[in-house]
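# Sequence below, structure please.
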Amino acid sequence: MIKYLGSKRTLLPAILAAVGDVPEAASVLDIFSGTSRVGHALKARGYRVYANDHNAYAACLARCYVQADAEDVAHEAKQLIDEFNTLPGAPGYFTEHYSLQARFIHPANGERIDAIREAIAARALDPELESVVLTSLLEAADRVDSTTGVQMAYLKSWAKRARNPLHLRLPALLPRAPGGKGAATCLEALDAAARFDADIAYLDPPYNQHSYLGNYHVWESLVRWDKPPVYGVACKRIDCRERRSPFNSRRSCEEALLKLLRAVRARTLIISFNNEGYMQRDRMERLLESFDPDAERTVIEHDYPRYVGARIGIYNPRGEKVGAISHVRNREYLYVIKRSMRSGVYAAPAASTA
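Model prediction:
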């Protein structure tokens, strides 16, 4: 899966254990799905997973790793991937913006990405099959990028991996889970909460001012293929200025989270948060108590290193290091909330996907 700020790779065993401790649970709603690392692991454990994210690249990953089932799409996807691997490069929008104006991808690979993405668009594929092939392209591009893991800036000199030839691979598709076929949506969090019923809801909202759209705008444009106007040295999509999440605002994040908690239709809530967020632990726990004073609440703590860009530091356009690194490790909190009968909203036996 792609390099990702806020990845739950190291926290995944704790998340799976917390879900596994809920008796007779068969379905999980992941409202901020990101790379779908959590949703993919839950599907592998047999749960019916509903994965949502308001960014198109994340919804594409979820459609591949949660909604699409290997028995339905793997064979045809492998044929398409083998065919696309033979395409010669053809420079276009992607090469111009992300290889020449900004140097996220080496031009030789940028040209291949242009050719393959245009070929995918021309096929008008079924959404699940298209998501698998697009995920293959996105992950191939991620393996040869020239960044520290986010797309706010690129490295001064090409990373060694950037000169490797782009090569598509079949994503790690899973068969349909015993709990039932999953679903992927591209909705705002409140809309996803209103749409699905589940036994468990997993919430991993943004913690601070850093927008995932801004950090992964290249992947958003690669998936949408809408070729938008761009701005700045990083050639960000113009809508990075307009698409704002209330969770990325110090003023609105607490109210947004409280509204979401009240809207979610699940008896058990698992909330991931860390000490780099706007809300520190004491504030988060006060919010959870106000949401449901009678709920059974537990917290699991996990210490882990910050992402590589934070450890390297910040440099100005002349390549000079500016500022000082404040800390190199973070603390993640996993809150498990078993709602009381008084909180009023519970999961129905079957989920609505209408």
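
# could you show me where the helices are in the stretch 1-150 of the chain, in order?
12-20, 37-44, 56-62, 70-84, 93-95, 107-123, 127-143 (DSSP state H, counting those that start in this stretch).

# can you list the residues that contact the third one?
Counting by Cβ atoms under 8 Å, 6 or more residues apart in numbering, helix 56-62 makes contact with 1-2, 30, 33-36, 39, 51-53, 131, 134-135, 138, 184-186, 212, 216, 219-220, 222-224, all of which sit outside it. To be clear about C-beta, it is placed using only N, CA and C from the backbone, and glycine gets the same treatment.

# Look up how far Thr147 lies from the nearest residue to Gly92 once chain neighbours are set aside.
What sits nearest to Gly92 in space, not counting adjacent residues and going by Cβ to Cβ, 6 or more residues apart in numbering, is Asp114, at 3.9 Å. Counting by Cβ to Cβ, to the nearest Å, the gap from Asp114 to Thr147 is 19 Å.

# before we move on, the earlier item: which residues touch the residue nearest to Gly92?
Asp114 touches Gly89, Ala90, Pro91, Gly92, Tyr93, Phe94, Thr95, counting by Cβ under 8 Å, 6+ apart.

# got a winner among the residues you listed for most neighbours?
Sorting these by how many neighbours each has (other Cβ atoms under 10 Å) puts Phe94 first, at 26 neighbours.

# My read is that it contacts Gly110, right?
Yes - using Cβ atoms under 8 Å, Phe94 is in contact with Gly110, at 5.5 Å.

# Quick one: classify Trp158 as helix, strand or coil.
Classification of Trp158 using DSSP: H, G, I helix; E, B strand; the rest coil returns coil.

# Now do it: how many residues are near it, please.
14.

# List phi and psi for it.
Phi and psi for Trp158, reported as degrees, to the nearest 10, are phi -60, psi 130.

# Now it: closest residue in space that isn't a chain neighbour?
Nearest one to Trp158, counting by Cβ to Cβ, 6+ apart, is Ser146 at 5.3 Å.

# Now Ile120: closest residue in space, sequence neighbours ignored.
Val133 (5.6 Å).

# Now for that neighbour: which residues touch it?
Ala77, Leu80, Ile81, Phe84, Ile120, Leu125, Leu168.

# swap in Ala26?
Ala26 makes contact with Tyr47, Arg48, Gly179, Gly180, Asp199, according to Cβ under 8 Å, 6+ apart.

# mind checking the SS state of the third one?
The three-state assignment at Gly179 reads coil, by three-state DSSP.

# burial measure for it, as a count.
By other Cβ under 10 Å, 18 other residues sit near Gly179.

# Is it in contact with Gly46, as I believe?
Yes - using Cβ under 8 Å, Gly179 is in contact with Gly46, at 5.6 Å.

# from memory Ile31 sits against Leu203, does it?
Yes - between Ile31 and Leu203 there is a contact at 5.5 Å, judged by Cβ under 8 Å.

# what residue ranges in this structure are flagged as low confidence?
Along the chain, segments meeting pLDDT under 70 span 304-329, 342-354.

# please redo it, this time with the cut-off set to 80
Scanning the chain for pLDDT under 80 picks out the ranges 6-7, 207-208, 275-277, 303-330, 341-354.

# Show me how it divides into domains.
Per automatic domain parsing, the structural domains of the chain span 1-69+175-206+250-354, 71-173+212-244.
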